[in-house]
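> Dropping the sequence and predicted coords here.
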Amino acid sequence: QLLESGGGWVQPGGSLRLSCAASGFAFSTSAMSWVRQAPGKGLEWVSAISDNSYYRFYADSVKGRFTISRDNFRDTMYLQMNSLRVDDTAIYYCAKGGMALGYSYDSWGEGTLVTVSP
Amino acid sequence: QSALTQPPSASGSPGQSVTISCTGTSRDIGAYNYVSWYQQHPGKAPRLIISEVTKRPSGVPDRFSGSKSDSTASLTVSGLQAEDEADYYCSSFGGNDPYLVFGGGTKLTVL
């Protein structure tokens, strides 16, 4: 099970930190990702992190502004979002998956809504 | 980082088959057998229905099948049922830059 938290309303230029608490599987050996969905729009991959945090990947749209991290002792993944823009408004999902699953995501959280507006 | 191309809509009657295409490039779908398909009902999180082009996770009906030819992947839903009405998204590994790319989504309507 995956449970996101930390969403909310923030002004442009502001920051938020999202959390994804995992349970029911071996989090420390699982690659994880963040995927977002703007209102009424499609899915957009945002960022991915390997099981040991050695590899981190970002979409061009968030590179330099967002930072993905994880704490394998707390079974939790994070997304630090800085310099937020209006077009970052979306539901942010955490998802379990990566190379071991053929770069697919077999478990998703329910998402947390981030709203960026003046 | 361009999205994969999917038709915005598809439809079929109950019992019929429908195929949804997903077109990429030689750098993503054409280069790797790492195409996935997701089903998303309104207000719900996506659900994995196909991984690695053709693999069905446990619990996914065998009415769902995937295939790939060159840089185009396809999802076929056979024996359409009312509960298949949903949005469907394809994705592909992009070789780390980008790591992953999604299609724009296809809204499947069961007539």
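Perfect, I can see it now. All values reported here derive from a predicted model rather than from experimental measurement.

> Sketch out the low-pLDDT regions of the chain for me.
I'll assume chain A. Along chain A, no part satisfies pLDDT under 70.

> try again with chain B
B:1-2.

> Spell out which parts of it neighbour chain A.
B:1, B:3, B:32-34, B:36, B:38, B:40, B:45-48, B:51-52, B:55, B:57, B:87, B:89, B:91-93, B:96, B:98-105 (Cβ under 8 Å from any Cβ of the partner chain). C-beta: built from backbone N, CA, C; applies to glycine.

> Nearest the middle, which residue of chain A would you pick?
Nearest residue to the geometric centre of chain A (Cα atoms, centre = their mean): residue A:34, 2.8 Å.

> separation between that one and chain B?
Residue A:34 sits 11 Å away from chain B, taking Cβ to the nearest Cβ, to the nearest Å as the criterion.

> Which strands or helices does the helix or strand hosting that residue pack on?
Element membership for residue A:34 (DSSP states H and E) is strand A:32-37. With contacts taken as 3 or more Cβ pairs under 8 Å, 6 or more residues apart in numbering or on different chains; DSSP states H and E, strand A:32-37 sits against strand A:16-22, strand A:43-49, strand A:76-81, strand A:90-98, strand A:104-108.

> Please verify my assumption that residue B:94 contacts residue B:100.
Yes: the pair residue B:94 and residue B:100 qualifies as a contact (Cβ atoms under 8 Å) at a distance of 6.1 Å.

> Tell me who's in contact with the nearest residue to residue B:33 once chain neighbours are set aside.
Leaving aside its sequence neighbours, residue B:33 sits nearest to residue B:53 (Cβ to Cβ, 6 or more residues apart in numbering or on different chains; 5.0 Å). Residue B:53 makes contact with B:33, B:34, B:35, B:66, B:67, B:68, B:73, according to Cβ atoms under 8 Å, 6 or more residues apart in numbering or on different chains.
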